[in-house]
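Participant: Give me a 3D structure for the following:
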Amino acid sequence: MNQTSLDKNMIEESALLEGEAPMPGAPSVLISDSKACIPQHFMTFQHDRQSVEEVVSNINFDEDYLVFVDEDKAGVFIQLGIVGKDNYRQDNDKKIVYGRRWRVEATLPTSEIIQTVFLAIKSAREHEIRELFKLSILGGVATPFNNHHDLPMMANYSDQFLCQSHANNKLQSDFSITDLLASITYDNAKFTLIDIEQRHNGTYLIDIQILPFFQGRLSELINKTLTLLVHELTANAVLHELMTQLVQLSNRYVEENFKFKQFARFSRSVSIDAIANTSILTRSNVAKEASESFKTIFKNSNYETDITRVPSIHDSVLGCALRNRLKSFGSLQGILPKNFLPNKSVD
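Facilitator: Residues are numbered from 1 along each chain as shown. The predicted model follows:
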């Protein structure tokens, strides 16, 4: 069947969300024996708060993560509210805290709005778990991986924070690694050493079991063991790799539980082959068969969208540095920033 001449009755009108509209003459694609669709890259978008709210209302994740849609003078934004216990207090009272604002452009494709929420949740959850990683040291308890450390101060005194400035002796035995793990709590869970093995290339594999706290907040810790790969047996290397593994566990939890219309797009159960096949079907094949008039409409639409995203370069230290960097690339494809070469695109 010709993809550009499918029966329009086969296209589910209900599949179109508020803020979406097909480009004039947009080709449709047969995706099953009785269903067809117009791929999203052949649509135009004009989103507002109401249309973004419609998209977000179809997203499901953890009940403790609330997705707000609001607007101010700068436009529409998405913002997370996270409900839970205060990470730095001992009481059991729940509170709500808010993450950063994620801007949503009016012309942003619906799929990218969904992915913006996905990234906002991953980012917010990583922020939280970094605060749950606690290290007992010098008679106190610290959260060395949290995001609230004073970076300008640390940069001003960077020599104070380098490993060679502190005792960072190699861990010489399983017993010392056990001591290190005993000094850590994570969502009130504990870690215990299972095994350590040095490979022929000098790297170390360290198997660690997580012993979750029965009132813990992070369900991804249940029945989990971790295998750390480090190139040297130092406390610094082990702690960094352990934090990396915990971030990966959190990200995998989000991937499996984030759903749009009950579809877990980022789950490992979604077939890569199916995604690749659909991409070929809706992009390469359609592009070959589309009419010349539509190809012109498609090209112009993409340009009109792209030009709305071009930033300006200002007369400042950063602006001067950016101009020099751009000049160093020579001839570039695309649209130059505003105030670099006004009203000119790079050939």
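
Participant: Now do residue 142 against residue 153, distance only.
Facilitator: Distance of residue 142 to residue 153, computed by C-beta to C-beta, to the nearest Å: 16 Å. For glycine as for every other residue, the C-beta is placed from the backbone atoms N, C-alpha and C.

Participant: what's the neighbour count on residue 51?
Facilitator: 21 (other C-beta atoms under 10 Å).

Participant: how close does the spatially most central residue of the chain sit to residue 142?
Facilitator: The centroid of the chain falls nearest to residue 119 when counting by C-alpha atoms, centre = their mean (3.2 Å). To residue 142, residue 119 is 28 Å away according to C-beta to C-beta.

Participant: For residue 283, list the residues it contacts.
Facilitator: 39, 41 (C-beta atoms under 8 Å, 6 or more residues apart in numbering).

Participant: Where does it sit: helix, strand or coil?
Facilitator: Secondary structure, DSSP: H, G, I helix; E, B strand; the rest coil: residue 283 is helix.

Participant: Going forward, the N-terminal residue is numbered 787.
Facilitator: All set: I'll call the first residue 787, so the last point we hit is now residue 1069.

Participant: Tell me the predicted confidence for it.
Facilitator: At residue 1069, the predicted lDDT confidence score is 80.

Participant: can you map out the helices along the stretch 937-1086 of the chain?
Facilitator: 937-942, 960-968, 1021-1043, 1058-1065, 1071-1075, 1078-1093 (DSSP state H, counting those that start in this stretch).

Participant: These: which one's closest to residue 809?
Facilitator: helix 1078-1093 (5.4 Å; C-beta to C-beta).

Participant: so after that closest one, what's the next helix or strand?
Facilitator: helix 1103-1114 (DSSP states H and E).

Participant: mind listing what's buried in that following helix?
Facilitator: For helix 1103-1114, the neighbour count (16 or more other C-beta atoms under 10 Å) marks 1108, 1109, 1112 as buried.

Participant: Closest to residue 817 out of the residues you listed?
Facilitator: Among the buried residues of helix 1103-1114, residue 1112 lies closest to residue 817 (C-beta to C-beta), at 42.0 Å.

Participant: ok, now which ones touch the closest one?
Facilitator: By C-beta under 8 Å, 6+ apart, the contact set of residue 1112 is 1118, 1122, 1123, 1126.

Participant: Could you pull out the strands in the stretch 837-986 of the chain for me?
Facilitator: 845-846, 851-858, 861-871, 880-890, 919-923, 926-928, 970-972, 976-984 (DSSP state E, counting those that start in this stretch).

Participant: As TSV, those strands with mean neighbour count, mean pLDDT and distance to residue 1040 would be great.
Facilitator: Below are the strands of the stretch 837-986 of the chain laid out as TSV (neighbours: other C-beta atoms under 10 Å; pLDDT from 0 to 100; distance: least, C-beta to C-beta, whole Å):
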stretch	mean neighbour count	mean pLDDT	distance to residue 1040
strand 845-846	16	98	12
strand 851-858	15	97	9
strand 861-871	17	94	12
strand 880-890	14	94	14
strand 919-923	16	94	18
strand 926-928	10	94	26
strand 970-972	18	95	17
strand 976-984	14	95	22
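
Participant: closest one to residue 1039 among the ones you listed?
Facilitator: strand 851-858 (11.5 Å).

Participant: The closest one pairs with which strands?
Facilitator: strand 861-871 (antiparallel) (DSSP bridges).

Participant: Now do the strand it pairs with: everything it contacts.
Facilitator: With C-beta under 8 Å, 6+ apart, strand 861-871 has contacts from 833-835, 838, 842, 850-857, 877-892, 899, 902-903, 906-907, 910, 914, 1003.

Participant: Swap in 7 Å and give it another go.
Facilitator: 833-835, 838, 850-857, 878, 880, 882-885, 887-890, 902-903, 906-907, 910, 914, 1003 (C-beta atoms under 7 Å, 6 or more residues apart in numbering).

Participant: could I have stretch 925-938 exported to CSV, CA atoms only?
Facilitator: Provided in CSV are the C-alpha atoms of stretch 925-938 (Å, rounded to 0.1, in the frame of the first residue of the first chain):
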residue,chain,number,x,y,z
GLY,A,925,32.9,11.4,64.7
GLY,A,926,30.2,12.9,62.4
VAL,A,927,28.0,11.9,59.5
ALA,A,928,28.4,13.6,56.1
THR,A,929,26.7,13.4,52.7
PRO,A,930,29.8,13.9,50.4
PHE,A,931,27.9,13.2,47.2
ASN,A,932,25.1,15.7,47.7
ASN,A,933,24.5,18.6,45.3
HIS,A,934,24.6,21.5,47.8
HIS,A,935,28.3,21.9,48.3
ASP,A,936,29.8,25.3,47.7
LEU,A,937,31.4,24.8,44.3
PRO,A,938,32.9,28.4,43.9
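
Participant: so how far is that stretch off the chain centroid?
Facilitator: Centroid separation for stretch 925-938 versus its chain: 23 Å, with C-alpha atoms, centre = their mean, to the nearest Å.

Participant: Buried residues in it, which are they?
Facilitator: For stretch 925-938, burial by neighbour count (16+ other C-beta under 10 Å) applies to 929, 931, 932.

Participant: can you check stretch 838-852 too?
Facilitator: Within stretch 838-852, the residues scored as buried using 16+ other C-beta under 10 Å are 838, 839, 841, 842, 845, 847, 848, 851.
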